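Asker: Got a predicted model here, sequence first, then my questions.
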Amino acid sequence: MRSVVFIVTLTLLTGAVVIGQQDARELAPRVPIVRDLAATRKDVYRLSLAASQFARVIAIQNGVDLQLRAIGPSGDQLIVMDREEGMKGVERVSIIAGAAGEYRVEVTGVNKDAVTGKYEIWLDELREATVTDRTQVAAERTFARGRELHQQPTAAAKRQAVSLYQEALPLWRAAGDRAGEATTLHNLGDLHKLLDEYAQADVAYEEALTLRRALGDQHGEAATLLNIGANYYVQGHKDMALDYFMRALPLWKTVGDPLGEVPTLNNIAVVYGSIGEYQKALIYHRQALPLRQAIGDRVGEALTLNNLGMIYRFLDENDKALAYYSRAQEIRRQLDDRRGEGITLNNMAAVYDELGEFDKALDLYNRSLDIKRALGDKRGEASTLNNVGEAFCWIASSGCASGSTRWSRIGFALRRRVRRTPRSRPSSATSMRR
């Protein structure tokens, strides 16, 4: 069978339309403000603080994933907090005024393609700063610096993030913020998994899970169960991965957060597909697709369509496979997702190849090759070259031994070369940052 690419990822995109300072609303103690938030809008709130005053602002997410940015009187950024990933949960940010003046809190959506959702925001605490308050602010700022490094692609940055998260843990404990401690442990698990330190990841995740259960945080519990499952999946422990995914799924349904439910459905489908239980994989991919469409996740919609095409191909239902691949390709073209286009073109070509429609297959393979070469994707180029070589074999005769054409030999050489290049281990199972 020709090489098929099956890649699943959860992408977070940012971007917002700036609202003018004159539109800023004042936050009053314990007076909630309920607002809709479009994905491309920024809401601005102001609060007047005396020197050394402590203020904590809380926002409850209800159908929107948001972040809070605190700005000082001179316009300097104090902190960006995004503790909760998903469309539910509580975001909070703390400020200690270094000088008297007007401070601002800016609220933005994390995903620019998301549908409009609601949130509720208020000034939860306002008082003279105590020692515990100063510890709380130190914990938040240390966590925020760690999170910023966490999102960077290099291993060096991620190791720095590990150090900062470890530095934040005793601060959360001293401040009595167990939710902050649990989130930091969860994120440490993510980092250890990304660094292939699976045993350390498991320890951090289990500590986070224990805390979240003690707090009655079903949203957090579901996220940690999901990531424990992903940690087992990348180690090849598929039965254990499936068990954790299945435990997470009803929790997501209970809290009503599709941003957690979708990757869990996806991961269950991935496991079933990887062990040849294709009908079960179809069930869960089909459940994920309308949820992705409902929340405006176009990137994820294309991924699920591609994966449905792959499953139908394995079931030898090639007409359905091509239909799903074509839908995925159109979305990726609209999004200018060049890497995704290259993947889907390769997958469509493989179907035509197996159907004996070699002219169509070669045209799609060549289009895929052009994209992969333009992106410098040597691994993908090697796979497609091998497929081209096998297609030429069938055109020239009734088939040939694997690797016996010039194109296949070029693909094989490229594969050997890229195997020598260190890389991060890919995973078809999606995790959730918290």
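Answerer: That came through, no problem.

Asker: Now do the closest residue to Leu242 other than its chain neighbours against Asp239, distance only.
Answerer: Leaving out its chain neighbours, the residue that sits closest to Leu242 by C-beta to C-beta, 6 or more residues apart in numbering is Val271, at 4.7 Å. For the C-beta atoms, the positions are set from N, CA and C on the backbone; glycine is no exception. Using C-beta to C-beta, to the nearest Å, Val271 is found at 9 Å from Asp239.

Asker: And these two? Which one has more around it.
Answerer: Val271 (25 against 9; other C-beta atoms under 10 Å).

Asker: any idea which element that one lies in?
Answerer: helix 258-274 (DSSP states H and E).

Asker: which neighbours does the one helix or strand Arg35 maps to have in its sheet, and in what orientation?
Answerer: Arg35 belongs to strand 33-37 when assigned by DSSP H and E. Paired neighbours of strand 33-37 in the sheet (DSSP bridges): strand 117-128 (antiparallel).

Asker: downstream neighbour of the strand it pairs with in the secondary structure list?
Answerer: Taking DSSP H and E, what comes next after strand 117-128 is helix 131-150.

Asker: Please identify the buried residues of that next one?
Answerer: 133-147, 149-150 (16 or more other C-beta atoms under 10 Å).

Asker: for this protein, what spans make up the strands?
Answerer: 25-26, 33-37, 42-49, 53-62, 66-71, 77-81, 88-96, 101-109, 117-128 (DSSP state E).

Asker: Of all those strands, which one comes closest to Asn366?
Answerer: strand 101-109 (39.7 Å; C-beta to C-beta).

Asker: For the closest one, buried residues please.
Answerer: Buried-residue list, strand 101-109, by 16+ other C-beta under 10 Å: 103-109.

Asker: cool, stretch 338-349 as well?
Answerer: Here stretch 338-349 shows 338, 340-349 as buried, counting by 16+ other C-beta under 10 Å.

Asker: Could you report the neighbour count for the nearest residue to Leu68 once chain neighbours are set aside?
Answerer: Sequence neighbours aside, Val93 is the residue nearest to Leu68 in space, at 4.3 Å (criterion: C-beta to C-beta, 6+ apart). By the criterion of other C-beta under 10 Å, Val93 has 23 neighbours.

Asker: that older thread, the residue nearest to Leu242 touches Tyr232, doesn't it?
Answerer: No - here Val271 does not reach Tyr232: they are 9.9 Å apart, not a contact under C-beta atoms under 8 Å.

Asker: Mutual contacts of these two, please.
Answerer: Each of 238, 241 lies in contact with both Val271 and Tyr232 under the rule C-beta atoms under 8 Å, 6 or more residues apart in numbering.

Asker: so who does the spatially closest residue to Val31 that is not a sequence neighbour touch?
Answerer: Using C-beta to C-beta, 6+ apart and skipping the chain neighbours, the partner closest in space to Val31 is Trp122 (5.9 Å). With contact taken as C-beta under 8 Å, 6+ apart, Trp122 is in contact with 27-33, 57-58.

Asker: Val107 versus Trp122, what's the distance?
Answerer: In terms of C-beta to C-beta, Trp122 sits 12 Å off from Val107.

Asker: chain center to the strand holding Arg35: distance?
Answerer: 25 Å (C-alpha atoms, centre = their mean, to the nearest Å).

Asker: What does the spatially closest residue to Leu47 that is not a sequence neighbour show for phi and psi?
Answerer: Spatial nearest neighbour of Leu47, chain neighbours left out: Leu27 (4.8 Å); criterion: C-beta to C-beta, 6+ apart. Backbone torsions of Leu27, given as degrees, to the nearest 10, read phi -90, psi 130.

Asker: Would you confirm that Leu27 contacts Glu125?
Answerer: No - if you go by C-beta under 8 Å, Leu27 and Glu125 don't touch, sitting 11.4 Å apart.

Asker: more neighbours, these two?
Answerer: Between Leu27 and Glu125, counted using other C-beta under 10 Å, Leu27 has the larger neighbour count: 22 against 16.

Asker: Nothing else from me, thank you.
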